[in-house]
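A.B. asks: Sharing a sequence plus its predicted fold:
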Amino acid sequence: MIKSYSSLSEIQSGLKSGTITTKALVEHYLGNIHQYAHLNAFNEVFEEEALQNAVLVDEKLKQGTAGRLAGMVIAIKDNICYQGHEVTASSKILEGFKSIYSSTVVERLLNEDAIIIGRCNCDEFAMGASNESSYFGLVKNHADNNCVPGGSSGGSAVAVQADMCHAAIGTDTGGSIRQPAAFCGLVGLKPTYGRVSRYGLIAYGSSFDQAGPLTRSVEDAALLLEIMAGADEYDSTTSQLPVDAYGAELKKSSGKKKIAYLREALTSDGVDEEVKKVLNDAIDKLRADGHEVEPVEFDYLEYIVPTYYILTMAEASSNLARFDGVHYGYRSKGATDLMSTYKLSRTEGFGKEVKRRIMLGTFVLSAGYYDAYYAKAQKVRRLIKERTDSILKEFDFILIPTAPEPAFEIGHISDDPLKSYMADIFTVQASLAGVPAISLPAGNNLRGLPLGLQLLTSHFNEQELLNFSKYFVEL
């Protein structure tokens with residue numbers, strides 16, 4: 001029987017000693033996928049392909065030619081293109097569509113001998129904080145099947161949480177990696193905007209979207225980031241800055257740091273008392289260990305969520321215009337001409353939340369309202385970025401909860417979109433400012449549900465963020 005591994009280095013040690021094989025690992029994960037099928041984490045499992053690739057990796061290991069991710073069995077969110085495989089963004093409108101190319105992220109992982117075991121369920125077009133808007137059904141939290149896993153990368157998080165794969169790749173527009181990581185007790189990393197190529201990711205909000213890892217350890221997050229990051233000729237928004245050896249140079253931070261926390265996180269009535277307690281406990285431990293930890297005011301906190309949603313809905317209304325019943329996926333059987341093809345295919349193909357965001361996005365971009373909403377939101381985004389940057393000039397990190405409450409019960413917010421949007425209040429700051437952020441496990445509440453704390457740092461400072469995270473999780 002194969003145990004649950006906490007890091008790739010542990011797996012590779014077993015592979016080297018001969019106590020396990022990659023094929024046996026894949027069989028172990030496939031067994032768990034079948035056992036926990038009721039969690040609905042996967043939209044498709046690449047069973048035969050994963051087993052065949054495992055045999056190839058085992059052969060490479062014997063020959064000494066295996067890549068750095070040999071033994072890493074991963075899942076990808078179903079909005080990341082993988083050549084020859086279906087990719088749907090969990091939407092009816094893309095059901096049956098096969099990608100004709102692979103994303104840069106997938107190419108780089110495969111080049112290092114990672115094995116992709118399947119594509120994971122998510123909120124439709126990555127729009128949601130609970131994984132309840134998928135066309136393929138909701139995903140359940142492995143810690144409590146009555147609760148959501150977070151969203152939109154909920155399937156990816158549960159796949160790792162329930163040991164159905166070793167790690168997963170999600171996408172984060174406004175917290176879609178970090179919030180599910182917190183709800184499922186994992187490490188979830190959103191890199192600096194531009195650090196990882198967006199080529200081959202189905203676009204939601206192009207000035208926000210980022211791919212990143214969901215893992216059981218900081219070490220694995222560092223290695224996966226190192227392999228995925230870097231300039232890409234297919235994505236002009238990627239940075240030309242050299243990529244640090246995040247994995248190889250990972251070391252537990254030892255120096256004393258200046259850390260800010262948002263005062264509102266401890267004073268707001270909207271933050272769960274047990275979430276406040278884990279934040280308070282972390283602050284006390286950091287101070288006891290000699291760090292300087294101070295509260296800061298963030299005057300724009302009440303504007304963060306509306307600014308984020310105005311901008312991302314506007315970008316979504318533009319990005320999703322391509323799904324028209326002509327070029328991709330679903331076409332209504334009731335269509336009789338071009339106009340009815342557009343109207344019926346989009347009406348029948350998109351879910352309720354996606355249609356809501358497209359309509360609101362179209363409204364804020366329309367003549368007469370552009371300046372009142374979209375242009376104003378762009379100005380507020382600049383203010384939020386400048387204030388965040390000024391805090392990070394004075395402090396090494398910002399420490400805040402990942403989410404204001406633990407995983408909530410299924411159906412709790414699905415009828416009230418405003419409640420759903422407010423779940424993002426602590427994650428969208430990093431998204432609006434474009435800075436890197438990581439969610440780290442912070443124990444469980446009294447019901448046994450995982451809680452997470454989040455660290456933010458300055459642009460392209462991922463190495464220090466990962467080093468301090470390694471220290472923080474062992475604090």
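C.D. replies: That came through, no problem.
A.B. asks: which ones are touching Asn280?
C.D. replies: Counting by C-beta atoms under 8 Å, 6 or more residues apart in numbering, Asn280 touches Leu266. Bear in mind the C-beta positions are built from the backbone N, C-alpha and C, glycine included.
A.B. asks: Work out for me the element it sits within.
C.D. replies: helix 273-288 (DSSP states H and E).
A.B. asks: Count residues in the vicinity of Glu48, would you?
C.D. replies: Here the number of neighbours of Glu48 (other C-beta atoms under 10 Å) works out to 8.
A.B. asks: so it sits in a helix?
C.D. replies: Yes. Using DSSP: H, G, I helix; E, B strand; the rest coil, the assignment for Glu48 is a helix.
A.B. asks: Name the nearest residue to Ala265, sequence neighbours excluded.
C.D. replies: Ile400 (5.2 Å; C-beta to C-beta, 6 or more residues apart in numbering).
A.B. asks: Just grab the bridge partners of that neighbour for me.
C.D. replies: Gln454 (DSSP bridges).
A.B. asks: thinking again about what came up before, what comes up buried for the helix holding Asn280?
C.D. replies: Glu274, Val275, Lys276, Val278, Leu279, Ala282, Ile283, Leu286 (16 or more other C-beta atoms under 10 Å).
A.B. asks: Now that helix: average pLDDT?
C.D. replies: In this model, helix 273-288 has a mean pLDDT of 97.
A.B. asks: In terms of pLDDT, where does Ser414 sit?
C.D. replies: Looking at Ser414, the pLDDT reads 65.
A.B. asks: Kindly report the same for Ser268.
C.D. replies: pLDDT, read off for Ser268, is 89.
A.B. asks: Repeat that for Leu56.
C.D. replies: For Leu56, the model assigns a pLDDT of 98.
A.B. asks: Can you classify it as helix, strand or coil?
C.D. replies: Applying three-state DSSP: Leu56 is helix.
A.B. asks: Same check on Leu214?
C.D. replies: strand.
A.B. asks: pretty sure it contacts Gly170?
C.D. replies: Yes. Under the criterion of C-beta atoms under 8 Å, Leu214 makes contact with Gly170 at 5.4 Å.
A.B. asks: anything in contact with each of these two?
C.D. replies: What both Leu214 and Gly170 touch, as defined by C-beta under 8 Å, 6+ apart, is the set Ser153, Ser156, Ala157, Ile177, Pro180, Gly188.
A.B. asks: ok, those residues vs Tyr29, which is closest?
C.D. replies: Ser156 (13.8 Å; C-beta to C-beta).
A.B. asks: Not counting sequence-adjacent ones, nearest residue to that closest one?
C.D. replies: Using C-beta to C-beta, 6+ apart, the nearest residue to Ser156 is Ala168, at 3.7 Å.
A.B. asks: count of neighbours near that neighbour?
C.D. replies: Ala168: 32 surrounding residues under other C-beta under 10 Å.
A.B. asks: How about Ala442?
C.D. replies: With other C-beta under 10 Å as criterion, Ala442 counts 23.
A.B. asks: thinking it is in contact with Leu451, fair?
C.D. replies: Yes. The criterion here is C-beta under 8 Å, and Ala442 meets it with Leu451 at 4.8 Å.
A.B. asks: any residues in contact with both of the two?
C.D. replies: Looking at what touches both Ala442 and Leu451 (by C-beta under 8 Å, 6+ apart), the common residues are Ala182, Val278.
A.B. asks: The stretch 1-150 of the chain: helices as residue ranges?
C.D. replies: 8-17, 22-35, 47-63, 104-111 (DSSP state H, counting those that start in this stretch).
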